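> here is my input, please return the structure:
(chains A and B)
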2 protein chains.
Amino acid sequence: MKPQPPKGTRDYLPPEMARRESALATVKGVFERYGYAPLETPALERLDVLIGKYGEESDRLIFRILKRGERGKRGEVDLGLRYDLTVPLARVMATHQDLPKPFKRYQIQPVWRAERPQRGRFREFFQCDVDCVGTASMLADAEIVAILHETLTALGFRRHRLSLNHRRILSAFMDAAGVRADVRTAAIRAIDKLDKIGKEGVEKELEKSGTTGEAARHILGMLLEPETVSFEAYVAAAEKAVGASDAGRAGLEEMKQLASYLGHFGVPEEVLSFDLHMARGLDYYTGPIYEALIPEAGLGSVGGGGRYDFLIAQLGGPDLPATGASFGLERLIALKAEQEEVPPAAYSQVLVAVYDETVLAEGLAAAAELRAAGLKAEIYLEPQAKLGKQFSYADAKGIPFVVVVGPEELARDVVQLKELASREQREVPRAELTAALAALVAKL
Amino acid sequence: MKPQPPKGTRDYLPPEMARRESALATVKGVFERYGYAPLETPALERLDVLIGKYGEESDRLIFRILKRGERGKRGEVDLGLRYDLTVPLARVMATHQDLPKPFKRYQIQPVWRAERPQRGRFREFFQCDVDCVGTASMLADAEIVAILHETLTALGFRRHRLSLNHRRILSAFMDAAGVRADVRTAAIRAIDKLDKIGKEGVEKELEKSGTTGEAARHILGMLLEPETVSFEAYVAAAEKAVGASDAGRAGLEEMKQLASYLGHFGVPEEVLSFDLHMARGLDYYTGPIYEALIPEAGLGSVGGGGRYDFLIAQLGGPDLPATGASFGLERLIALKAEQEEVPPAAYSQVLVAVYDETVLAEGLAAAAELRAAGLKAEIYLEPQAKLGKQFSYADAKGIPFVVVVGPEELARDVVQLKELASREQREVPRAELTAALAALVAKL
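Below is the predicted model of the structure:
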């Protein structure tokens, strides 16, 4: 029996790492160009920081660490593994109160949840959060939406949709429809499913939630079919939906400002959809909410977020307004991998194969020259090995090019250059090797 | 009382992250150009994988995770946090037996040790390992030493020294001196301290170890003063030291091959020191061992490693020879930071400050243009804020350049460009802004 990583966890081998690192570089590039800076926090947090922040069900999913020594033997615990990246952010804002604000940070780190292991659900997985803490300005929300748009574009996804709504408009909509306070959350969850289950499905869900009669009919009358909805259509519907609610009208004013800022940010109108039914499950949002959907995921959510002005304080941080988004980065990487015709080279770009030990020095010199030009160039580490074995190694590692340095070639000041995919081989003057390979690698 | 991260752990705030990311990019670049590929493993490993691999004392330092549910309430544990990166490597070699070999991987991830917290000792810290599994060739050892050299050079350290020795030469040296088997490890630890405590110190340590009389005199007679020792001097000393031992002579042959390969790799002779006394504490080495020392660390070790041909199998992996090194990456980053005159920009490179909301669209357009050119350019997220507040924000975040977009400037198609360090301000035609800033940022 081969030893395995613990259930619900994975090794990231080089081919997977190559995909991840490429996607991470793209994502970080976008975040940083917008002025968001990286933050990393410890995997461990004190249990009193973690417990009671996510609700009882989630508290049970926190991995607890045994204390050292005798007290540990009695089963006492004092530390837990990070459950998400939002509680650590709130803790950081409290620990380091002199951080310049607005504090714009991104954080890409694993989190741990003791879920029952099952297909596609992991106990260790990465979260990718980008947040702006310390301003209530709609410009911050617009920036986060612009980042969602630009990140998906930079990752190579096309035809994505950004769904937007406002939490206070949604609440006012429920109030105006006459939904009872005790079933409001359930009613919101019901209409949030519109994209997946259609109007008839929502009708049934509303019934289950206890929202019936007049209220249900009012809500259903307001909902548009799930397709891209223009801002003008949204405003018209929302004005009716919120009625005379001050909170609702204030929310609508914020949405108007947000829509105008999104234009300034250059987010194209055709990717935006303003959806009165979109709710983003979580209860803590207080302002605009947004969700990124892509056809590659069956128009499922691959990221989203919203404004959460009271959460940092509730989680133990100072009283600061905040907004931000979270990406389903691992899902995006997997979706991107499905579309790839050729996976990125996981190991080297070039193998320098040497005919035998007599030409090893020349082989190593060639590899050093290629590396100095920035290429990933390795030498086969057993110079006495047959060339066939060295080629098999390149094949097994998916190394696209092999340079053969042999005594006969050395005498003529040339090398053999082989592209493994096409099995084409040609002779190249030794002095032109680096330029020739750099050109080939650039075309990959 | 401000909430803190757990004792012995740290938050990495943006200024520290900027240093780390820059050093990491350098280090990874070197590793990857030599054909070493990234690997990441879960933070959690099964306790049966972790326990019994490091010795009893270390076993006590492994953080144990409580089981879920009722059994957890009784204090049962089944998982632990990774203690180093070598046991996970052995486990990966066992889990994924079809990995192409030699398997050349690097791994930079945190490890956790429940040490008593004290100044400079952490319970969560990063290790940076680079290893080659699956070949006994000295070319692999030479490559690892070349990587040590190139990494330190690429990080900007000069005047480092690479100390080399061979475990079997050291063993034969002890045997030939007549050191009793039961005190051999203690004697080796004694001479390993030569650099720190000199010959007289070593004499005392040998006495403490129980190595006395003839054996101690023999050893002390062989040791050279701790300074750079040429390969020729080492060979002469080692030949005497190992006497007629076959294992010692075989070790010396390996060292000759290694030294020759290091020449091919272009590692300059003046950084190499061949030190008969250098032992690298750990017991598991079986061949060449190496250590990197830098004057910035008081010629303390900042990295090192060696060949460990039986360890992968001992740790539960398949029976594969291996060699590799580990970097004290966090120490190197700290040493580098001490030498820096100007820390790297932790946040943006440019703040676009807008005079008021009327010129916001133009400000955002300018920021977008700068970002499209690859610059980290943010806008102040509260457009109604006074310019003074916006400048203070740039100061607090160490943003080096501020571009002011104002209505009066807009009318003349110019912007104000201010460098915060010098407080110099100049007017730049709007069309030339991106080129001007790119040039300034490149000079930072």
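> chain B contacts on the stretch 251-400 of chain A?
Within the stretch 251-400 of chain A, the residues that sit near chain B (Cβ under 8 Å from any Cβ of the partner chain) are A:261, A:264-266, A:316, A:346-348, A:351, A:360-361, A:364-365, A:368, A:371, A:374-379, A:381-383, A:393, A:396-397. To be clear about C-beta, it is placed using only N, CA and C from the backbone, and glycine gets the same treatment.
> mark which of these are buried, thanks.
A:261, A:264-265, A:316, A:346-348, A:351, A:360-361, A:364-365, A:368, A:371, A:375-379, A:381-383, A:393, A:397 (16 or more other Cβ atoms under 10 Å in any protein chain shown).
> so which of the residues of the stretch 251-400 of chain A next to chain B are in helices?
Under the assignment DSSP state H, those contribute A:261, A:264, A:360-361, A:364-365, A:368, A:371, A:393, A:396-397 to helices.
> list the buried residues in stretch A:7-23.
Within stretch A:7-23, the residues that count as buried by 16+ other Cβ under 10 Å are A:8-21, A:23.
> pick the one among the residues you listed closest to A:G178.
A:G8 (44.4 Å; Cβ to Cβ).
> need the pLDDT of the closest one.
On pLDDT, A:G8 comes in at 94.
> can you name the residues that contact it?
A:115, A:117, A:121-124 (Cβ atoms under 8 Å, 6 or more residues apart in numbering or on different chains).
> what about it, which SS state?
coil (DSSP: H, G, I helix; E, B strand; the rest coil).
> burial of the closest residue in space to it that isn't next to it in sequence, as a residue count?
Nearest non-adjacent residue to A:G8, counting by Cβ to Cβ, 6 or more residues apart in numbering or on different chains: A:R123, 3.1 Å away. Here the number of neighbours of A:R123 (other Cβ atoms under 10 Å in any protein chain shown) works out to 22.
> for A:R123, what are phi and psi?
Torsion angles at A:R123 (phi, psi; degrees, to the nearest 10) stand at phi -90, psi -20.
> repeat for A:Y106
phi -120, psi 160.
> show me the contacts for it.
Neighbours of A:Y106 in contact, by Cβ under 8 Å, 6+ apart: A:28, A:31, A:36-39, A:128-131.
> who touches A:T135 in this structure?
Here A:T135 is in contact with A:101-102, A:321, B:381-382 (Cβ under 8 Å, 6+ apart).
> how about these in CSV, adding distance to A:D356?
Listed next are the contacts of A:T135 as CSV, based on distance: Cβ to Cβ, whole Å:
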residue, distance to A:D356
A:K101, 65
A:P102, 63
A:P321, 69
B:L381, 65
B:E382, 70
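> helices of the stretch 201-350 of chain A, start to end?
For the stretch 201-350 of chain A, applying DSSP state H, counting those that start in this stretch gives helices covering A:213-222, A:231-242, A:246-264, A:311-314, A:329-339.
> which helices and strands does the fourth one pack with?
In this structure, helix A:311-314 packs against helix A:86-95, with contacts taken as 3 or more Cβ pairs under 8 Å, 6 or more residues apart in numbering or on different chains; DSSP states H and E.
> what about the contacts of A:Y106, which are in helices?
A:28, A:31.
> filter the contacts of A:Y106 by proximity to chain B?
Among those, proximity to chain B is found for A:37-39 (Cβ under 8 Å from any Cβ).
> could you report the neighbour count for A:P343?
Count around A:P343 with other Cβ under 10 Å applied: 12.
> from what I see, it and A:P15 are in contact.
Yes - A:P343 is within contact range of A:P15, at 6.2 Å (criterion: Cβ atoms under 8 Å).
> overlap in contacts, these two.
Shared contacts of A:P343 and A:P15 (Cβ under 8 Å, 6+ apart): A:G398.
> dump the residue contacts of the most centrally placed residue in chain A.
Nearest to the geometric centre of chain A sits A:L329, at 2.5 Å (Cα atoms, centre = their mean). Neighbour list for A:L329: A:23-24, A:27, A:108, A:126-128 [criterion: Cβ under 8 Å, 6+ apart].
> what comes into contact with the lowest-mean-pLDDT helix or strand in chain A?
Using mean pLDDT, DSSP states H and E, helix A:69-73 stands out as the lowest-scoring helix or strand of chain A, at a mean of 80. Residues outside helix A:69-73 that contact it (Cβ under 8 Å, 6+ apart): A:66, B:64, B:75.
> how many residues are close by the closest residue in space to A:I144 that isn't next to it in sequence?
Nearest non-adjacent residue to A:I144, counting by Cβ to Cβ, 6+ apart: A:A325, 5.1 Å away. A:A325 has 24 neighbours, counted by other Cβ under 10 Å.
> list the contacts of the residue of the stretch 151-300 of chain A at minimum distance from chain B.
Across the stretch 151-300 of chain A, no residue is closer to chain B than A:H264, which sits at 4.4 Å (Cβ to the nearest Cβ). Shown in contact with A:H264 (Cβ under 8 Å, 6+ apart): A:142, B:360-361, B:364-365.
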